[in-house]
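Asker: The sequence and its predicted three-dimensional model are supplied below.
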Amino acid sequence: MALMACSCQRKIKADLILHHGKIYTVDSAFSTAEAFAVRDGKIIAVGTNDEILSRYEATNMQDAHSQPVYPGFIDAHSHFLGYGRSLFEVNLYGCNNWDEALERVKTFATAHPGEAWILGRGWDQNKFPGHAYPDNIALSKLFPDKPVLLQRVDGHAALANITAMKMAIRDSAMLDLEGGTIEVKNDLCTGILIDNAVDLVTRIIPKPGAADYEKWLVAAAQNCFRQGLTTVADCGLMYDQVAAMDTLQQEGKLAIRLYIMLSDDTANLNRYLPTGPYKTDRMYVKGIKAYADGALGSRGACLLAPYTDKPGWYGFLLSRQSHFDSLAALLINTQFQLCTHAIGDSGNRMILNVYNKYLKGKNDKRWRVEHCQVVNAADFHLFGAASIIPSVQPTHATSDMYWVRDRLGASGRIAGAYAYKQLLEQNGWLPLGTDFPVEDISPVKTFYAAVTRKDASGFPPGGFQVENALTREQALRGITIWAAKAGFLEHDVGSIEVGKKADFVILDRDLMQVADSALVGAKVLGTWVGGKKED
């Protein structure tokens, strides 16, 4: 009898028990819990403190001290590799004028004299006096013998010095290209390259080696963990870049989970389409990333009517419509998701019509439109009609709000810009991301922008087009379970439920309860991936 009693009281072994937390499970009922147990990297039980502590034991006991616990945050649209690389280039984010940018380039060049190229990113002419593009005259004088390429904040425009231009453009025929422009003033190239023109230079930059990838990606992952991110979608990679990531993950050097969109490139299609999506414990290669148009900030977004601040200019598509039609026809009978960048209302309309042509009504293909920044009022229904997923980035709205009326006008079409609530209504769910490094990496700032429609300083007091704000529950789902669902990962991550990977984050304040003004200051106290704390 004594043996039987002892056997009945024996606790179930776990690797980790988190207890005394306010756990937002983000399950279908949006229920809360106090504790959960983890074994072999997965959640094996969720419940009250008494339920978990009386039934389970573990050497690793994590007392949450009543702090809020959330599923690991997920960024549904980022450029993880590009972000990692940018950490080792000239940081031009936040420059208020071109002279400040040049000073940063000079400082970087002095600190890195052995670099064959000087690369940087982050300038935004909309922050400069007069809002005009810079030219490369001063840059070329500073660096007459070394190529320099400085990308705009959105990556859809860049400034190259004369050395880089001469290396990239070998004859005048290269000046005439589809889906891009090389700015010319007074019969001279200014160095400004827009959209596909940027590729003329980037394609000749020396390719990185294994050590470069490790340096960039490990640094990027560490910064993600500090922000509570456990899974990110990297949008637009080549197969060799994916292979480098996969190697680092297999070697245990890269712990972050990755959903990968391959660039719309023949080499990628030839390599992956015959075998289908590739999935490991931490990587899912399932998307094909296409580009319909450029960006509003560089006036490359394709609009139905001319830009208000550039009469007669509509922007442009980056490829002919026939290209997107052919790509959709190729992918419709595969398991790959077609994910297309579309910013302007004309670019969105074109892609939505192509998608609807092949999807033919409700489905679970989860083809995505990335950004959906300006949508014509007559076109919103096309998302729901074919179950097309709008993938949006709330901080784009609060970054662009200072100048977007200059581009689109103060009334009319701007009502369909950054219209996240209208987009949410189409399918009942909406994945959220940042597009980092275009925007700040923080998912908390994504949450804040989604629910307040304000910038980090609280501007504007009433919020920007606040009628399209999301509720706090919707925003939390957007950076967890809905972001997971956008990449077919909802059975693996995105909520704290039995059977899912034990990815979670503890914050110093409750996103669901604190005042709006306190949201943006929330701090991450710890991030766990597969039950292991990442420092």
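Answerer: Looks like it came in fine. Just so we're clear, the structure is a prediction, and the values are computed from it rather than from any experiment.

Asker: hey, let's count contacts and neighbours off CA atoms from now on
Answerer: Noted.

Asker: right, and residue 444 touches residue 516 too?
Answerer: No: assessed by C-alpha atoms under 8 Å, residue 444 is found out of contact with residue 516, at 11.7 Å.

Asker: mind checking the longest helix of this structure?
Answerer: For the chain, the longest helix by residue count, based on DSSP state H, is helix 210-226.

Asker: elements contacting that one?
Answerer: Helix 210-226 is packed against helix 80-86, helix 239-250, strand 524-529, with contacts defined by 3 or more C-alpha pairs under 8 Å, 6 or more residues apart in numbering; DSSP states H and E.

Asker: chain center to it, what's the gap?
Answerer: 16 Å (C-alpha atoms, centre = their mean, to the nearest Å).

Asker: Can you list the buried residues in that helix?
Answerer: 213-214, 216-226 (16 or more other C-alpha atoms under 10 Å).

Asker: what does stretch 78-98 give?
Answerer: Result for stretch 78-98 [16+ other C-alpha under 10 Å]: buried residues 78-87, 89-93, 95-98.

Asker: before we move on, what about stretch 439-452?
Answerer: 439, 441-452.

Asker: which among these gets closest to residue 415?
Answerer: residue 450 (16.3 Å; C-alpha to C-alpha).

Asker: measure that closest one to residue 468 for me?
Answerer: 9 Å (C-alpha to C-alpha, to the nearest Å).

Asker: again, but for residue 391
Answerer: 15 Å.

Asker: same check, this time on residue 99
Answerer: Taken as C-alpha to C-alpha, the span from residue 99 to residue 468 is 37 Å.

Asker: contacting residues around residue 182?
Answerer: 175, 189, 191-194, 197 (C-alpha atoms under 8 Å, 6 or more residues apart in numbering).

Asker: quick one on the thing from earlier: pLDDT for the buried residues of helix 210-226 - can I get that in CSV?
Answerer: CSV is the format used below for these (pLDDT from 0 to 100):
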residue, pLDDT
213, 98
214, 98
216, 98
217, 98
218, 98
219, 98
220, 98
221, 98
222, 98
223, 98
224, 98
225, 98
226, 98
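
Asker: Distance to residue 412 added to those, as JSON lines?
Answerer: Below are the buried residues of helix 210-226 laid out as JSON lines (distance: C-alpha to C-alpha, whole Å):
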{"residue": "213", "distance to residue 412": "46"}
{"residue": "214", "distance to residue 412": "48"}
{"residue": "216", "distance to residue 412": "43"}
{"residue": "217", "distance to residue 412": "43"}
{"residue": "218", "distance to residue 412": "45"}
{"residue": "219", "distance to residue 412": "44"}
{"residue": "220", "distance to residue 412": "40"}
{"residue": "221", "distance to residue 412": "42"}
{"residue": "222", "distance to residue 412": "43"}
{"residue": "223", "distance to residue 412": "40"}
{"residue": "224", "distance to residue 412": "38"}
{"residue": "225", "distance to residue 412": "41"}
{"residue": "226", "distance to residue 412": "41"}
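
Asker: Identify, from those, the entry nearest to residue 71.
Answerer: residue 225 (12.8 Å).

Asker: Quick check: beta-bridge partners of the closest residue to that closest one other than its chain neighbours?
Answerer: Distance criterion C-alpha to C-alpha, 6 or more residues apart in numbering; nearest residue to residue 225, sequence neighbours excluded, is residue 527 at 5.9 Å. Note on residue 527: beta-bridge partners residue 505, residue 534, judged by DSSP bridges.

Asker: Would you check that residue 527 makes contact with residue 223?
Answerer: No: in this structure, residue 527 is not within contact of residue 223 by C-alpha under 8 Å, at 11.1 Å.
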